[in-house]
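K.L.:
output the structure for:
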Amino acid sequence: MAFLVVIVVLALIFDYINGFHDAANSIATIVSTKVLTPFQAVLWAAIFNFAAFFISKYYYGEFKIGNTIAKSVHEQFITLGVIFSGLLAAITWNLLTWWFGIPSSSSHALLGGFIGAALTHAGGHLSVSGSAVINFSKVWPTFLFIFLAPFIGMIIGFIISVIIINICRRASPYKADNWFRRLQLVSSALLSLGHGGNDAQKVLGIIAAAMVANGNLQNIKDVPNWVPLACFTAIALGTMSGGWKIVKTMGTRITKVTPLEGVSAETAGAITLFLTEKLGIPVSTTHTISGSIIGVGATKRLSAVRWGVTINLLWAWVLTIPVSAILAAIFYFISHFVNNHFIH
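P.N.:
Predicted coordinates:
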């Protein structure tokens, strides 16, 4: 039971880190356009991160993304040691990328860590005694959306920008700017709702899987209410802590963003996140909003997007799952060694 408590605490720490690591997703454009100060922006985002609990619980009626994460590895290969090692790997990768200001995916770090630890537990085999370790029906859509989520965000962002530009072609620049500054409060709130609904559920899924492995739950869907409440609270508190290095990359280094473009990017990101939550597919909010910002920047001209920065981001995205899996394998070996030689 003590080990389960440690894992729950560790999972909520990851959730908190996820919040300040991904705070930039929700606030980068609204800070860079100076619609809100950094403090006002993180407070605004945190409120809607937590409010996403009520959307997931009472509008969607279930935590589909949490269920997907929990079932990404077949149940017989899920142990508390596997989950512990996966969480340590995800936290390590998140802190490293936060330190260097790289907006990588917390979601994919968690998934990579979970899968890497499970495969190590299974002796490095994809299947044992005819049973597959990885539940590919749950994992493949997530892998696919590593590329699809930013692309969808990019296309929607481009379309929204073109529509708005044409509608407002004859509007007074001063009045239009004022309107878009107000609208950005709405679009950033929607993005924060999508972010909270997507990312908090992933930690919920990990805690539920740990409770099933420990015998506290029979079914992941029966998770008690304190678990989602704790997860949504942790990510909101993390968002309030900010992530200023990543804000700079997201808000200014990809492309210069105006209030009009901020509304377009945030709305595109929110639409993508609500769609994927409905489908139960865990996606990276970082990838999604990055793609949306790129799509908006491309409406001006392709050279307005700093493609060198974007290519660096792509490398971080591609490396997140394999590096997290390798880290998880290392942590699993260390914890297994310590357990066998010093605890028992």
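
K.L.:
contacts for stretch 154-173?
P.N.:
Residues from elsewhere that reach stretch 154-173, judged by CB atoms under 8 Å, 6 or more residues apart in numbering: 176, 260-261, 263-265, 267-269, 271-272, 291-296, 298-299. The C-beta positions use only the backbone N, C-alpha and C, and glycine is treated the same way.

K.L.:
mind checking which of those land in helices?
P.N.:
Among these, the members falling in helices (DSSP state H) are 176, 260-261, 263-265, 267-269, 271-272, 291-296.

K.L.:
hmm, which of those are the buried ones?
P.N.:
Using 16 or more other CB atoms under 10 Å as the burial test, the ones in helices among the contacts of stretch 154-173 include 176, 260-261, 263-265, 267-269, 271-272, 291-296 as buried.

K.L.:
who's in contact with stretch 137-144?
P.N.:
So stretch 137-144 is contacted by 68, 71-72, 108, 111, 115, 279, 281-283, 321 (CB under 8 Å, 6+ apart).

K.L.:
helix/strand/coil for the residue lying farthest from the centre of the chain?
P.N.:
Distance from the C-alpha centroid of the chain, by CA atoms, centre = their mean, peaks at residue 170 (38.5 Å). The three-state assignment at residue 170 reads coil, by DSSP: H, G, I helix; E, B strand; the rest coil.

K.L.:
gap between it and residue 320?
P.N.:
45 Å (CB to CB, to the nearest Å).

K.L.:
burial count for residue 140?
P.N.:
Residue 140 has 11 neighbouring residues, counting by other CB atoms under 10 Å.

K.L.:
looking at it now. What's its pLDDT?
P.N.:
With respect to pLDDT, residue 140 has a value of 90.

K.L.:
surely residue 13 is in a strand?
P.N.:
No: counting by three-state DSSP, residue 13 is not found in a strand; it is helix.

K.L.:
list the contacts of it.
P.N.:
91, 234.

K.L.:
let's see it at 6 Å
P.N.:
Contacts for residue 13 (CB atoms under 6 Å, 6 or more residues apart in numbering) come out as none.

K.L.:
how about residue 37?
P.N.:
Counting by CB under 6 Å, 6+ apart, residue 37 has no contacts.

K.L.:
can I get stretch 6-19 in CSV? Just the C-alpha atoms.
P.N.:
Written as CSV, here are the backbone C-alpha positions of stretch 6-19 (Å, rounded to 0.1, in the frame of the first residue of the first chain):
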residue,chain,number,x,y,z
VAL,A,6,4.4,6.8,-3.4
ILE,A,7,3.2,6.3,-7.0
VAL,A,8,0.1,8.4,-6.6
VAL,A,9,2.2,11.2,-5.1
LEU,A,10,4.8,10.8,-7.9
ALA,A,11,2.0,10.9,-10.5
LEU,A,12,0.6,14.1,-9.1
ILE,A,13,4.1,15.6,-9.1
PHE,A,14,4.3,14.7,-12.8
ASP,A,15,0.9,16.3,-13.3
TYR,A,16,2.1,19.5,-11.5
ILE,A,17,5.3,19.6,-13.7
ASN,A,18,3.2,19.0,-16.8
GLY,A,19,1.2,22.1,-15.8
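
K.L.:
which parts of it are buried?
P.N.:
For stretch 6-19, by 16+ other CB under 10 Å, it's 7-8, 10-12, 14-19.

K.L.:
and which of the residues you listed is nearest residue 77?
P.N.:
For these, the residue nearest residue 77 by CB to CB is residue 7; the value is 16.1 Å.

K.L.:
the closest one - nearest residue in space that isn't next to it in sequence?
P.N.:
residue 210 (4.9 Å; CB to CB, 6 or more residues apart in numbering).

K.L.:
any idea which helix or strand comes after whichever strand or helix holds that neighbour?
P.N.:
Per DSSP states H and E: residue 210 is located in helix 173-213. Using DSSP H and E, the next helix or strand after helix 173-213 towards the C-terminus is helix 226-240.

K.L.:
just the mean pLDDT for that next one, thanks.
P.N.:
Helix 226-240 comes out with an average pLDDT of 92.

K.L.:
okay, angle between it and helix 173-213 too, please.
P.N.:
140 degrees (axes from the mean of the first three to the mean of the last three CA atoms, to 10 degrees).

K.L.:
list the contacts of residue 152.
P.N.:
Residue 152 sits next to residue 272 when contact means CB under 6 Å, 6+ apart.

K.L.:
ditto for residue 115
P.N.:
134, 325.

K.L.:
dihedrals phi and psi, it?
P.N.:
Backbone geometry at residue 115, expressed as degrees, to the nearest 10, gives phi -70, psi -40.
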